[in-house]
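Engineer: Below are the sequence and a predicted model for it; my questions follow.
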Amino acid sequence: MVAVPKPKTVRVKVREHRGRLRAQGLRPIQIWVPDVRSPSFREQARRQSQAVATSAYAHDDQAFIDAVSESGDE
């Protein structure tokens with residue numbers, strides 16, 4: 001009777017994958033970023049956007065953003 005190899009567990013697959021990445025000179029890092037899906041993030045973004053839009057410097061701020069932004073029209 002032929003022995004059927006047992007499938008690798010997810011843990012083993014992940015360990016092997018990470019080993020291959022390390023062998024390529026990479027290392028894992030973990031970063032935490034704001035959850036843009038959360039209601040509190042949306043509220044804060046809206047509040048800050050409104051503050052910028054109603055600022056006395058709104059026109060100058062937008063001109064700066066336009067000047068340093070790439071345009072897809074070119």
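Structural biologist: Arrived safely, thanks for sending.
Engineer: Okay, now the unreliable bits of the protein?
Structural biologist: For the chain, residues meeting the criterion pLDDT under 70 lie at 72-74.
Engineer: what about the spatially closest residue to Phe41 that is not a sequence neighbour, neighbour count?
Structural biologist: With sequence-adjacent residues excluded and distances taken as Cβ to Cβ, 6 or more residues apart in numbering, Phe41 is closest to Pro34, at 5.4 Å. In short, each C-beta sits where N, CA and C put it, glycine included. Close neighbours of Pro34, defined as other Cβ atoms under 10 Å, add up to 10.
Engineer: Quickly note the distance from Pro34 to Gln44.
Structural biologist: Separation of Pro34 from Gln44 (Cβ to Cβ, to the nearest Å): 9 Å.
Engineer: Where do the helices of this protein begin and end?
Structural biologist: Using DSSP state H, the helices found in the chain span residues 10-23, 39-53, 58-68.
Engineer: Switch the ones you listed over to JSON lines; also include mean neighbour count and distance to Ala3.
Structural biologist: Formatted as JSON lines, the helices of the chain follow (neighbours: other Cβ atoms under 10 Å; distance: least, Cβ to Cβ, whole Å):
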{"stretch": "helix 10-23", "mean neighbour count": "10", "distance to Ala3": "18"}
{"stretch": "helix 39-53", "mean neighbour count": "10", "distance to Ala3": "53"}
{"stretch": "helix 58-68", "mean neighbour count": "10", "distance to Ala3": "64"}
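Engineer: Now tabulate the ones you listed in JSON lines and tack on distance to Gln30.
Structural biologist: Shown next, in JSON lines, are these (distance: least, Cβ to Cβ, whole Å):
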{"stretch": "helix 10-23", "distance to Gln30": "13"}
{"stretch": "helix 39-53", "distance to Gln30": "20"}
{"stretch": "helix 58-68", "distance to Gln30": "31"}
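Engineer: what does stretch 15-33 contact?
Structural biologist: Here stretch 15-33 makes contact (Cβ atoms under 8 Å, 6 or more residues apart in numbering) with Lys8.
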